[in-house]
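Enquirer: One predicted model, sequence on top.
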Amino acid sequence: MNLLQKRHVLQSFERAKATKARKHRDTLPTWCPGCGHFTPLQALYEAMEQQHIDSKDFVLVSGIGCSGRFPFFIKGFGLHALHGRAVPIATGVKLANPELEVVIVGGDGDGVGIGGGHFPHAARSNFDLTYLLLDNAIYGLTKGQTSPTSPMGMVSATSPYGNISKPLNASTMALTYGATFVARVFSQDRDECTRLIGEAMKHKGFSLVHVLSPCIEFHKTVTYESVQSEVAKLPSDYEPTDRVQALVLSESQDPIYTGLFLKEEGPTYHDRVNEIVKKFEEPVREEAIVV
Amino acid sequence: MNLLQKRHVLQSFERAKATKARKHRDTLPTWCPGCGHFTPLQALYEAMEQQHIDSKDFVLVSGIGCSGRFPFFIKGFGLHALHGRAVPIATGVKLANPELEVVIVGGDGDGVGIGGGHFPHAARSNFDLTYLLLDNAIYGLTKGQTSPTSPMGMVSATSPYGNISKPLNASTMALTYGATFVARVFSQDRDECTRLIGEAMKHKGFSLVHVLSPCIEFHKTVTYESVQSEVAKLPSDYEPTDRVQALVLSESQDPIYTGLFLKEEGPTYHDRVNEIVKKFEEPVREEAIVV
Amino acid sequence: MRKQHATVRFCGIAGDGIVTSGKVFSGAAADMGLDVLVNDNFSAEIRGLGKSTTDIRVSPTRVRSMGDGIDALVAMSVGESIPEIKDIKSDGFVIFDCENTPEAREEHGLPEHIPDNLGSFAVPLKRLSNENARSTIARNIVSMGALSYLLGLPPDIFTELIERKLSKKGDKVVQRNIDAFLAGRSYCDEHYGPHTTLDTPEDSEAKKLITGNQAVAQGALDCGLKFFAGYPITPATTIMEIVARELPKLGGWMLQAEDEIAALGAVVGASFAGKRAMTSTAGPGLALMSEMINMAVMSEIPIVIANVQRGGPSTGLPTKVEQGDLNIAMYGGSGDSPRVVMAPTNAEECYSGIQFAFDIAERFQTPVIFLSDLFLGQRTEVDRIERKIERDRSTRVSPSEEELGNYNRFTDTDTGISPWVIPGEPGALYSVTGLEHSETGNPNFDAQVHLRMQEKRYRKFETLQKELPKPQIIGDEDAEIGLSCWGSVRGAVIEAMEIAREEGVKSKLIVSMMINPQREEDFRAFFDSCSEVIIPEMNHSGQYAALMKSRYGIRPHEMHFPGVTPVSPRKIADKIKEVQNELATETSRLAIV
Amino acid sequence: MRKQHATVRFCGIAGDGIVTSGKVFSGAAADMGLDVLVNDNFSAEIRGLGKSTTDIRVSPTRVRSMGDGIDALVAMSVGESIPEIKDIKSDGFVIFDCENTPEAREEHGLPEHIPDNLGSFAVPLKRLSNENARSTIARNIVSMGALSYLLGLPPDIFTELIERKLSKKGDKVVQRNIDAFLAGRSYCDEHYGPHTTLDTPEDSEAKKLITGNQAVAQGALDCGLKFFAGYPITPATTIMEIVARELPKLGGWMLQAEDEIAALGAVVGASFAGKRAMTSTAGPGLALMSEMINMAVMSEIPIVIANVQRGGPSTGLPTKVEQGDLNIAMYGGSGDSPRVVMAPTNAEECYSGIQFAFDIAERFQTPVIFLSDLFLGQRTEVDRIERKIERDRSTRVSPSEEELGNYNRFTDTDTGISPWVIPGEPGALYSVTGLEHSETGNPNFDAQVHLRMQEKRYRKFETLQKELPKPQIIGDEDAEIGLSCWGSVRGAVIEAMEIAREEGVKSKLIVSMMINPQREEDFRAFFDSCSEVIIPEMNHSGQYAALMKSRYGIRPHEMHFPGVTPVSPRKIADKIKEVQNELATETSRLAIV
Ligand SMILES: Cc1ncc(C[n+]2csc(CCOP(=O)(O)OP(=O)(O)O)c2C)c(N)n1
Ligand SMILES: Cc1ncc(C[n+]2csc(CCOP(=O)(O)OP(=O)(O)O)c2C)c(N)n1
Ligand code: SF4
Ligand code: SF4
Ligand SMILES: [Mg+2]
Ligand SMILES: [Mg+2]
């Protein structure tokens, strides 16, 4: 790393230091200088700060990928899991101890590629989890292969003649699966990142924050500039209450909308578990139940 | 099996004999007499018959479940695969030999439970496969546990106090994933079954036929009667050309629409592969390609 | 004739009430104070054309295995029952349906398959059912009457049981069934007279029954299970079904996951969050869990997996027994991946073993794979379990005040065990990972660090080895022939040793629930004390034998039973005698030289 | 001083051009006709703070391993290079940057770590790069100049190589780099004079270079690979990347799947449809494939899996070598699940071995797990491959006219091999399943059928065993010390045997690409001929040793190298000597008695 690069890393990081969320003052993120993931990391720090989350009650479960390294850069408990398996592991953590604030971080390959079988069930069950899906439309950590969110035609070492599969859209998927909080944000929009991550954490139920977070090292076409030119905020009068409406807008590619698509209040999975478990605590009712 | 039951099996089967698609005249399906799966089996026979598909060019890949037994009741090549893995295996069969007619059969647990991670990719890649998803909203073969399409509140051995997760909707999922042919049908509507399975097989690209096929042995609430009372055919003037429209109608629960939601023409995955491979066959162009 | 043990087989297809027959007969036997072992044999099909059988072995003394052959066959359907006749012992008998009188029995095609030496009892099951119960559905109850009469068992306990089981359905139903039962008896009394007399137990106290899967679930619930996540798979599903019903009553929860990977993932998460957590599965599911087990090995998270073995490989034989998953349990992880492997041998050990599994998992921060099998998991046996209920039990090693001062999640200690702090507890923050890591938990790929952490992960197993209870040694200490076995085969082996002993050959057995680690010194000493070793197991390739060979350098006689049905004590007894014989010849040949 | 072998290490972080340095140096060495072995050592991080090193060992004679220690360290960044100094041999040297003149070298903090015995060459890399190439980016080229001079290597081949590699970027770039290179040389000439003189090769013909992963891909493409499906994973990804590029040119296709299960599933499907198909992966991926491998075992579908081993368990050490996946390859399936396991020992065997793997897979209708490792897969070595191009090669056994008449997919034959008809071919229809099945392919759970089909599945392995080539036996036939090893360790073992021999101790080695099955008679005979056996391998638990112990009843001396770096020939040589010593003492002690 030359000095310039080092300076970039340090700068990104120094800014983050401003909050107390960071774990070790001497641990630098291992990402490439300028990586899209720096800003969401800072946004998470700030959201934690704003909500006065005690580090000891914070558990970050992550997948494998560049994004998966989050737990080592943050003050709290971390579980850097297997590729694609952060979601079920986080589910176990939360169900075992609902007092914990559980956040999942993972990449596009991790979440809708290898982990794509878990995402529907976490969403439909409305586990009280916040899922930051850092979508750079590429496999970063393994050095730049095509991912399930890569655009058609994208040339990479695994699609040397251009990608021939349509990309998936994580926000739309979450809406189809029944997630109760679905937002999309451009990683460089730091304030929006902070706000939406904060809202997601506050939301009771399964929340997806779909972060468009370019890989500056390997992606030649999905860049800060390209994303910047494609995104547009949801109309200011948009009300995030109608799932069908949300589905339609989340599908749009021109522009790619950012903002909060949907927020639905209702019982979480754990609320429903509690209802059942409570019945057994009340002695009068216990006899009524035939098992 | 008492005589009455035996007669039922034989009857369902005798009807099927009318076509030549059946493999062994002495092999009886192992399903419970009256199972929802008999009619789609017959429908498949008839569709094959109508399209004059040569048994030797027919490959049926199935998952594990009651539905997974299809290959043993049909004349052709069969691969009774692993639980949840019929889709990727079928993909390999088709890409290796595009001349083969490849049909996938599997249950709801198989397809959107354990196999739910594969479905999105087959759909978005538009592999030329026909997928019959026999949805009985229960795990039949393992004797009646709750499945990912089971209604909320359903009582079963694994949800003795009622299911507390929202069910998934296979048709909507396929539409979200980018499938180019999506239909839903009630298994007892034999003509519609035959017609849609036939259309699906004819369609070039990934086709889902979502068959509502009740389990008479274990399901107490999703029955022939309940499904019959909930379904309605898509409006007669409905044009299956608009994905957003299709998404909206497929989501509806009251009524549950049946019929063809979407049919989109366009190149299949294999068409795109061929385009690339062909470039290398043309000697003039070969030099132009920098690899 | 008098008999000590007796094995009865009901054979038929769906609708014949085979399962009910088994339940009624075994229930009545247990009520009489007899020892009981029941082995169901279902087809992998739901109904359709599937055949099913139930074997019930009863005895006034301990029943350890299904034995060899059957004493009575109740043939509820003809085609299915014909192949079963060959299993009947020379003094056994068959009960089958006849339209009217015994003379009419030829019509049915079954009698000509019955050899002359066997008792052959045609009973008009359908007719008597119709006459007494107004339906053909009570045919199995009629056959029960016939059977109880022919075995010389008293009627009262049967009728009481019928009454108890059916009381909810009203007096009329009860009476009709009792009538059907008695009709079966009187028909035999009238036409045949008694055949066999079963010995009655000295202690005629009624016995409770239990299956291995029930015992696993009960054991886990009693020792503090708080979270279970699973995916249905035969023959393990009943464990998750019991837990689904019972755990909420204790404030816990059973999560049905979308697949086995997610199930074990949720267990890993729950355990990371400090709760006793487990899953249950069978071969195909265990295969899917390979990567997640390894995650738990690397990040030292306690997990318990109850794996109920069925026939393999692949989807295999879902409803048949085999002991085929030892290899994958031991070696199924990529890299050097130590894990605890246990195998209970009966329902008592299903209960106590699963509790021990939790204690080990938590104390040593390791996956424990608990290898039950279909025979053990599904069979009904007498409940000899001593309940040990301790619902907030924990064997977790927490850091001392001092250790907390300078806390590292993976402190390298003499025992290999690092004290742990659970998320939510104050005083320490850390992250864990499936990557190699230093003591802090942060990723680290240095050669020295890797060496150190590998050694630490293996050292835990040495510590555990020292803490293990001694293996069981059974039989004659001075015998030349030693046996070793694992899992549910133990019963048949002990029975075989008894047979061989009666026939003049002594032998001894070493067996432990602990497959890995094992108290190696005890095993080595045992094998050193034997001239020859025999290892019988229910698989084709000798998986346990291979482990013993590699670990102890022995060259055993291997007996591979292909699975599908429980093993035969007779065959093992013959092998013991054969090996002893060879040994004798060998010795005398040496003496001549 | 003169040297025969020399190992050079470049050390730095991202941006220091370490990989380029390695490529240029090894390329030039190969152009000179030297034998070359290159081992890259990357961090698991993409850029950020990761350190990377490249070792290049060169020699006029055969280079079999990375040897012990390095002769020259090119320290491109200070902090990262200090820990590397300890690896330098007593007559080695360090090149490092200095701002201006050698006198100013203290500034940098590195020199005080250099022991006096080592050559210490401060070169103003940055300044000379700036002066000659108008940027600091050519620092590595300056260092290359210095290095080539200090090793006594002629400049022309380097400058030619630079010209060739950079010609596309224009004359100016070429000239600047050549200037930078020459500046490094002249600086050393001016300030220091030559240090080492490397022996030159007799055969100075330029050599081509290749990596193990390239050889695997090339071998597969040359023998008829038609379909590949994979999922990226270090260190196997390059195989799929090469195939992605090359296969379409041959009418085939590489499918990037959504995970490893789908990847292997697609391979199973393609193979069922009659095409030669494979995947590549590493430990975590192989773990995920367990269930699908078993499906192929049960339904007898040929598949080839190239597994490039990295450090484990779990996600482990993605960029470090280890031989940890033998256990899971052999035993990772539920039930009794026989499969072929092979391990190439060098690039030639990566090529010929993968072709043999396809031949076996197809002929015996079985999965073949091909265990390469990170060191072998990524290292650059001299290309000694004899290409064998046969793109429609098939070893499939098709039915004869007669057999087709009464066709069963799983006919039970003497060899265990059933002739097969591919979907789309006329004359036979059938279904296959992961369930147990009869000869027809239809599900069947009968005990006899299971026994028969299990035997058939295992019989194929006996047939194969007889058809295998003999294992290699290397060394002194009359030696008392025997060694056995597998995979890329072979090179180090042979080198160790040479060292030991020079130091007076003879030994011999048995090694085969075939791990399972193996020509057991040959191995047994070899072990019988040894007094002691040593088994060195790159893992913690001795996985290959455990297999040899179980299979042949030997009690070897095990050497467990923890992975991360390739093994040391010196340590193995010392062990050979130590064991021989013990043997001598033992013998003489016996003689005294
Ligand atoms: C089972 C398994 N397969 C493959 C890998 C290799 N691998 C590590 S990260 C990764 C992809 C990362 O891409 P993504 O999830 O998009 O995260 P990013 O690095 O782009 O943030 C892969 C394929 C692995 N670690 N485990
Ligand atoms: C890996 C694995 N896990 C679990 C099973 C057990 N299993 C067999 S079929 C089935 C569910 C079947 O349900 P579905 O797919 O809905 O099919 P249906 O029987 O209802 O037609 C399960 C859980 C298995 N065979 N393999
Ligand atoms: S490779 Fe891409 S995603 Fe990974 S750290 Fe670098 S810029 Fe970020
Ligand atoms: S269990 Fe249900 S799905 Fe299975 S065969 Fe019977 S009725 Fe059909
Ligand atoms: Mg990514
Ligand atoms: Mg179903």
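Expert: That came in fine, so what should we check first? Ligands and ions are numbered 1, 2, ... in the order given.
Enquirer: how about the strands in chain A?
Expert: For chain A, strands defined by DSSP state E occupy the ranges A:58-62, A:77-80, A:101-107, A:130-135, A:138-139, A:145-146, A:181-186, A:207-212, A:231-233, A:256-263.
Enquirer: could I get the ones you listed as CSV with mean neighbour count?
Expert: (Glycine included, C-beta is placed from N, CA and C.) Compiled in CSV, the strands of chain A are given as follows (neighbours: other Cβ atoms under 10 Å in any protein chain shown):
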stretch, mean neighbour count
strand A:58-62, 28
strand A:77-80, 29
strand A:101-107, 29
strand A:130-135, 29
strand A:138-139, 30
strand A:145-146, 24
strand A:181-186, 27
strand A:207-212, 29
strand A:231-233, 15
strand A:256-263, 22
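Enquirer: Quick one, which of those gets closest to chain B.
Expert: strand A:145-146 (11.7 Å; Cβ to the nearest Cβ).
Enquirer: Mean confidence (pLDDT) on that closest one, please.
Expert: Mean per-residue pLDDT for strand A:145-146: 98.
Enquirer: give me the beta-bridge partners of C:G12?
Expert: Going by DSSP bridges, C:G12 is paired in beta bridges with C:S52.
Enquirer: before we move on, the earlier item: dump the strands of chain A to a markdown table, plus distance to C:D414.
Expert: A markdown table is the format used below for the strands of chain A (distance: least, Cβ to Cβ, whole Å):
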| stretch | distance to C:D414 |
| --- | --- |
| strand A:58-62 | 30 |
| strand A:77-80 | 26 |
| strand A:101-107 | 35 |
| strand A:130-135 | 41 |
| strand A:138-139 | 42 |
| strand A:145-146 | 45 |
| strand A:181-186 | 49 |
| strand A:207-212 | 45 |
| strand A:231-233 | 57 |
| strand A:256-263 | 53 |
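Enquirer: nearest residue to the residue of chain A found nearest chain B other than its sequence neighbours?
Expert: Closest approach between chain A and chain B, counting by Cβ to the nearest Cβ: A:G117, at 2.8 Å. Spatial nearest neighbour of A:G117, chain neighbours left out: B:G117 (2.8 Å); criterion: Cβ to Cβ, 6 or more residues apart in numbering or on different chains.
Enquirer: Pretty sure the one you found sits against A:V112.
Expert: No: judged on Cβ atoms under 8 Å, B:G117 makes no contact with A:V112 at a distance of 9.1 Å.
Enquirer: the longest helix in chain C is where?
Expert: When chain C is parsed with DSSP state H, its longest helix is helix C:569-592.
Enquirer: Any chance you could list what contacts that helix?
Expert: For helix C:569-592, the surrounding residues in contact (Cβ atoms under 8 Å, 6 or more residues apart in numbering or on different chains) are C:65, C:67-68, C:480-481, C:483, C:492-493, C:495-497, C:499-500, C:503-505, C:507, C:531-532, C:534, C:536, C:557, C:559, C:561.
Enquirer: Cross the residues you listed against helices and list the overlap.
Expert: Per DSSP H, these map to helices at C:A492, C:V493, C:E495, C:A496, C:M497, C:I499, C:A500.
Enquirer: just for the stretch 51-200 of chain A, where's the confidence low?
Expert: Across the stretch 51-200 of chain A, nothing is flagged by pLDDT under 70.
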